[in-house]
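Peer 1: Here is a sequence together with a model predicted from it:
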Amino acid sequence: MLEPSCVYLMELGVQEDVAAYRKNMEWQTSELLFPHKKMCALKKVQVGVVVLESDNVANAVAEEFLSLLEAIL
């Protein structure tokens, strides 16, 4: 059985790994979308980036769409 201090240190390591993973994914997303954002800026079109994390893509998109629609109405 692991001591509580060992479990705590393992959790800290996992949290750091998750933070590093998210930062890397943010960078990759930014790099991938940069040309599209630049094109929109040249055409004076406002654009925003929303990154969704979910196991069910369809539900995540639907929920985000509904929340944006509610904010407009």
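Peer 2: That came through fine.
Peer 1: Find the centremost residue of this protein, please.
Peer 2: residue 51 (3.9 Å; CA atoms, centre = their mean).
Peer 1: how about the spatially closest residue to residue 29 that is not a sequence neighbour, what does it touch?
Peer 2: Nearest residue to residue 29 in three dimensions, chain neighbours excluded: residue 51, at 5.9 Å (CB to CB, 6 or more residues apart in numbering). The C-beta positions use only the backbone N, C-alpha and C, and glycine is treated the same way. Shown in contact with residue 51 (CB atoms under 8 Å, 6 or more residues apart in numbering): 25, 26, 29.
Peer 1: Tell me the pLDDT of the second one.
Peer 2: Spelled out, it's residue 26. Per-residue pLDDT puts residue 26 at 88.
Peer 1: Work out for me the element it sits within.
Peer 2: helix 4-42 (DSSP states H and E).
Peer 1: What number of residues are in the vicinity of residue 29?
Peer 2: 12 (other CB atoms under 10 Å).
Peer 1: swap in residue 43?
Peer 2: With other CB under 10 Å as criterion, residue 43 counts 8.
Peer 1: Next up, phi/psi of it, please.
Peer 2: When read as degrees, to the nearest 10, the backbone of residue 43 gives phi -90, psi 10.
Peer 1: Against residue 29, how distant is it?
Peer 2: 21 Å (CB to CB, to the nearest Å).
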